[in-house]
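Participant: structure here, sequence nowhere to be found:
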């Protein structure tokens, strides 16, 4: 049994007012080509299909074209909803589409029942289990880890140990408390470990196909992988190599995982320097000026319309930063306009003031800080 594992397509996403639909079509076509070259049996998409719960018409059309092409190639599709998706919309037509080889789970059947799709090969049965994103409160649980245990207990994932089992999931998975490496493009806020799901919960699976985190990475030493997003969605990802996982299940206990690199339509890069230097022909001709760029200018003097001047040479400047009046320490410059991320306590303090129309008193501050400290120590 051989399949592609990807996730976090975020179809319809825009970055700094740049619409990525053409980039996404380019990368989806590339993944179809890889699927055909590798002669895969299935295509696994581990959540965040769209970038928003109500996607644009253009995003829906692009996904339809992609899935239709896979169906014509007789490649099964296993797909779940992520935290960016509307579970009900993703699940539309589920029963009808299964007849065409497209298996979807967006919502859980009571009590927290996962879809199971059974496939056969020369080594026997492979069961694919679908675990889409859901908030713990929906299943009357306090934490994500507690909820995952609850879901697994209500499904036949631990029976018949000779059967190969694959889990498709979309959660924040940690290894003995160690969190995965994050990027700026992930929007989930993790407070006190409440979103953490321990990898040990998945010990009975031969492969765990995760979505939710945008950097490709293995969690622990077991067969638990984030395939990562197929495109870079923030400048914190410029040094990442985007890819898909090619997973081959042979006999029980024998799993081969390799990566196939994805080449984007537009690379995402950072450059810096003096304005006059950056627009010199010898500089512009030495690089692809159509890449998506974050440009940091180190000029001390005032500049007149620097973004306009730069876009004459670099049409896809996404972000302009000014290093003026800031100390330079070996590397990256930062824009003073950029806000620092607030701590969970500061976010709660802001929330309290909005709801109660007054700031917290010292007694409540102490209670909140103590509660957050206890939550982080769990």
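Facilitator: Done, it's in. Treat the numbers as computed from the prediction; the structure is a model and nothing was measured.
Participant: residue 143 and residue 197: what is the separation?
Facilitator: Taking Cβ to Cβ, to the nearest Å as the measure, residue 143 and residue 197 are separated by 9 Å. C-beta here means a position set from N, CA and C on the backbone, and glycine is covered the same way.
Participant: for residue 105, same thing?
Facilitator: Residue 105 sits 18 Å away from residue 197, going by Cβ to Cβ.
Participant: now residue 206
Facilitator: In terms of Cβ to Cβ, residue 206 sits 18 Å off from residue 197.
Participant: again with residue 148
Facilitator: Noted for residue 148: a distance of 5 Å to residue 197, by Cβ to Cβ.
Participant: quick revisit: more neighbours: which of residue 206 and residue 197?
Facilitator: It is residue 197, of residue 206 and residue 197, that has more neighbours when counted by other Cβ atoms under 10 Å, with 23 against 20.
Participant: could you say which helix or strand holds the more buried one?
Facilitator: Secondary-structure element containing residue 197, defined by DSSP states H and E: strand 196-198.
Participant: so what strands line up beside that strand?
Facilitator: Here strand 196-198 is paired, per DSSP bridges, with strand 172-174 (parallel).
Participant: which residues does the partner strand contact?
Facilitator: Surrounding strand 172-174, the residues in contact under the criterion Cβ atoms under 8 Å, 6 or more residues apart in numbering are 144, 179-180, 188, 190, 195-199, 202, 208, 210, 212-213, 219, 224, 226.
Participant: any idea how far it is from the chain center?
Facilitator: Remark: strand 172-174 is offset 12 Å from the chain centroid, using Cα atoms, centre = their mean, to the nearest Å.
Participant: strands of the stretch 201-350 of the chain, start to end?
Facilitator: Listed in chain order, the strands found in the stretch 201-350 of the chain under DSSP state E, counting those that start in this stretch are 207-210, 217-218, 224-226, 243-249, 255-261, 268-273, 292-297, 317-322.
Participant: what is the mean pLDDT for the second one?
Facilitator: Strand 217-218 shows a mean pLDDT of 98 in the predicted model.
Participant: which strands or helices does it pack on?
Facilitator: Under the contact definition 3 or more Cβ pairs under 8 Å, 6 or more residues apart in numbering; DSSP states H and E, strand 217-218 sits against strand 224-226.
Participant: buried residues, the strand it packs on. List them.
Facilitator: Of the residues in strand 224-226, those buried by neighbour count under the rule 16 or more other Cβ atoms under 10 Å are 224, 225, 226.
Participant: list the contacts of the first one.
Facilitator: Okay, so that is residue 224. Contacts of residue 224 by Cβ under 8 Å, 6+ apart are 173, 175, 199, 202, 208, 210, 218.
Participant: can you pick the most crowded of these?
Facilitator: Taking other Cβ under 10 Å to define a neighbour, the member of the contacts of residue 224 with the most is residue 210, carrying 30 neighbours.
Participant: any idea of the pLDDT on that residue?
Facilitator: Note on residue 210: pLDDT of 98.
Participant: identify the residue nearest it in space, chain neighbours excluded?
Facilitator: The spatially closest residue to residue 210, leaving aside those adjacent along the chain, is residue 226, at 4.7 Å (Cβ to Cβ, 6 or more residues apart in numbering).
Participant: and the strands in the stretch 51-200 of the chain?
Facilitator: Listed in chain order, the strands found in the stretch 51-200 of the chain under DSSP E, counting those that start in this stretch are 76-80, 102-105, 116-121, 124-131, 164-169, 172-174, 196-198.
Participant: any chance of those strands in JSON lines, with distance to residue 346 and mean pLDDT too?
Facilitator: Rendered in JSON lines, the data for the strands of the stretch 51-200 of the chain read as follows (distance: least, Cβ to Cβ, whole Å; pLDDT from 0 to 100):
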{"stretch": "strand 76-80", "distance to residue 346": "33", "mean pLDDT": "98"}
{"stretch": "strand 102-105", "distance to residue 346": "37", "mean pLDDT": "96"}
{"stretch": "strand 116-121", "distance to residue 346": "44", "mean pLDDT": "95"}
{"stretch": "strand 124-131", "distance to residue 346": "33", "mean pLDDT": "96"}
{"stretch": "strand 164-169", "distance to residue 346": "31", "mean pLDDT": "97"}
{"stretch": "strand 172-174", "distance to residue 346": "21", "mean pLDDT": "95"}
{"stretch": "strand 196-198", "distance to residue 346": "21", "mean pLDDT": "95"}
